[in-house]
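Undergrad: Give the three-dimensional model of this entry:
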Amino acid sequence: QVQLAESGGGLVQAGGSLRLSCEVSGRTLNDYIMGWFRQAPGEEREFVAAVNWSSGKTYYREFAKGRFTLSRDYARNAVTLQMNSLMSEDTAVYYCAVGRDSGSDFRAISEFGYGYWGQGTRVTVSS
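TA: As a prediction, the model looks like this:
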């Protein structure tokens, strides 16, 4: 059974940094994509970033470019999302997800491309 365990959320002041981690058990990640989504209060869930585990190709939403960085941790079968220069608008519950690599960039940045989801970790940025 595939399980995703997120960690690293918390409270941080604007301008600060947080590192989120998502560790996957029950499956090797070759031919899979790992992504991060977020859902702010009262808003729909939105794509943040993703990485193709095999090729290392990354995808970033515009607001994440230059501030957020994804990296793969092969030893832990995990990805980390380093978030810098955080703003109050980044306040949300962040979800990790895993989906099969379909070769489609569209599916890599869409919820429909992911079949496994974590429980979410809350990030609160105070201004």
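
Undergrad: In the protein, what residue spans correspond to strands?
TA: Assigned by DSSP state E, the chain shows strands spanning 3-7, 10-13, 18-25, 32-39, 46-52, 58-60, 68-73, 78-83, 92-100, 116-117, 121-126.

Undergrad: Residue 117: neighbouring residues, count only.
TA: For residue 117, the count of nearby residues is 18 (other CB atoms under 10 Å). Glycine gets a C-beta too; all of them are placed from N, C-alpha and C.

Undergrad: The one 10 residues further on too?
TA: Using other CB under 10 Å, residue 127 is surrounded by 9 other residues.

Undergrad: Quick check: closest non-adjacent residue to it.
TA: Leaving aside its sequence neighbours, residue 127 sits nearest to residue 88 (CB to CB, 6 or more residues apart in numbering; 4.3 Å).

Undergrad: likewise residue 98?
TA: residue 116 (4.3 Å).

Undergrad: That neighbour: what's it in contact with?
TA: The contact partners of residue 116, taken as CB atoms under 8 Å, 6 or more residues apart in numbering, are 2, 4, 24, 97, 98, 99.

Undergrad: confidence score at it?
TA: Looking at residue 116, its pLDDT is 96.
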